[in-house]
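> heads up, no residue letters with this:
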């Protein structure tokens, strides 16, 4: 555990002066500004505006995960995978430390994107359709759903290179949007890239009380079990692979 904490701190120091940090800070602000500018004169209903923004935020994240994980592993490759080579029997800890660092940066980005949007959207006419608590919950849900995505893309980047991670991220983002439609019924929970968009919608419907909450909760549990099982499988396989990988 101490090794993971030290590796996490080392990764944070490593990214403090790189573009990876700025991607997490600037992109949420730019995306938020674009949507708020458009919403300031569009005729959409306020609830639909907020829902669309949160869905886009959740569904575009797989592409960002592919890009960020690709950049992070490329930096590691350029340094000769020193952290991994220094821990021959515990390489999985180096991978876990990198994942924890990227997830921490992702949390910052999610909070900026969701809470920043919610605070400024409240200033627009009819923009108080959701409370700030809902935006906070949405940020947490979207962020948690990226846990298996980040781990999967770290594996892809380390095994096949940055291009593979980015390419799969693009495909994952497209899948995420498609899984919000009827095409995703019954299969979305088997695709980790779609977790964010679907659970984002579950939380919005639950917050609005648009359907019976008991029915919604009953339908959500089977999906949660599948998502949790797939996440555990991705983590187990990735950490086991890293422990046996030759550099």
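It's in. Predicted, not measured: the structure shown is a model, and the values here were computed from it.
> OK, contacts around the most centrally placed residue in the chain?
Closest residue to the average C-alpha location of the chain: residue 146 at 3.2 Å, with CA atoms, centre = their mean. Shown in contact with residue 146 (CB atoms under 8 Å, 6 or more residues apart in numbering): 61-62, 65, 103, 106, 195-196. Yep, even glycine has a C-beta here, placed from its N, CA and C like the rest.
> Ok, residue 208 next?
Residue 208 sits next to residue 47 when contact means CB under 8 Å, 6+ apart.
> ok, it to residue 104 distance?
Using CB to CB, to the nearest Å, residue 208 is found at 31 Å from residue 104.
> Also residue 27?
Distance from residue 27 to residue 104, counting by CB to CB: 16 Å.
> Need the nearest residue in space to residue 178, chain neighbours excluded.
Excluding its sequence neighbours, the residue lying closest to residue 178 (CB to CB, 6 or more residues apart in numbering) is residue 184, at 6.5 Å.
> Just the pLDDT for the one you found.
For residue 184, the pLDDT comes out at 86.
> likewise residue 83?
On pLDDT, residue 83 comes in at 61.
> For the protein, give me the ranges with low pLDDT.
1-5, 7, 80-90, 209-218, 245-247 (pLDDT under 70).
> Mind jotting down where the helices sit in it?
In the chain, the helices defined using DSSP state H lie at 2-15, 19-39, 46-78, 82-85, 91-121, 132-145, 147-160, 162-178, 195-208, 213-244.
> Buried residues, the last one. List them.
Going back to what we said before, that points to helix 213-244. 220, 223, 227, 230-231, 234-235, 238-239, 242 (16 or more other CB atoms under 10 Å).
> again, but for the third one
Taking 16+ other CB under 10 Å as the basis for neighbour counts, the residues of helix 46-78 that come out buried are 46, 49-51, 53-76.
> Packing partners of that helix?
helix 19-39, helix 82-85, helix 91-121, helix 132-145, helix 147-160, helix 162-178, helix 195-208 (3 or more CB pairs under 8 Å, 6 or more residues apart in numbering; DSSP states H and E).
> okay, the ones you listed, which one's buried deepest?
Highest mean neighbour count of those: helix 147-160, a mean of 23 (counted as mean count of other CB atoms under 10 Å).
> can you list the residues that contact that helix?
Defining contact as CB under 8 Å, 6+ apart, one finds that helix 147-160 is touched by 61-62, 65-66, 68-70, 72-74, 76, 95, 98-99, 102-103, 106, 164-165, 168-169, 172, 192-193, 195-196, 230-231, 234-235, 238, 241-242, 245.
> how about a cut-off of 7 Å?
Contact with helix 147-160 is made by 62, 65-66, 69-70, 73, 95, 98-99, 102-103, 164-165, 168-169, 192-193, 230-231, 234-235, 238, 241, as judged by CB atoms under 7 Å, 6 or more residues apart in numbering.
> what does stretch 47-58 give?
With CB under 7 Å, 6+ apart, stretch 47-58 has contacts from 35, 39, 113-114, 117, 121, 129-130, 138, 142, 180, 196-197, 200-201, 204.
> The same query, at a cut-off of 8 Å, please.
Contacts for stretch 47-58 (CB under 8 Å, 6+ apart): 31, 35, 39, 42, 44, 110, 113-114, 117-118, 121, 127, 129-130, 138, 142, 145, 176, 180, 196-197, 199-201, 204, 208.
> Stretch 113-124 too?
Stretch 113-124 has contacts (CB under 8 Å, 6+ apart) with 28-29, 31-32, 35-36, 39-40, 46, 49-50, 53-54, 57, 127-128, 130, 132, 134-136, 138-139, 142.
> starting at the chain centroid, how far to it?
20 Å (CA atoms, centre = their mean, to the nearest Å).
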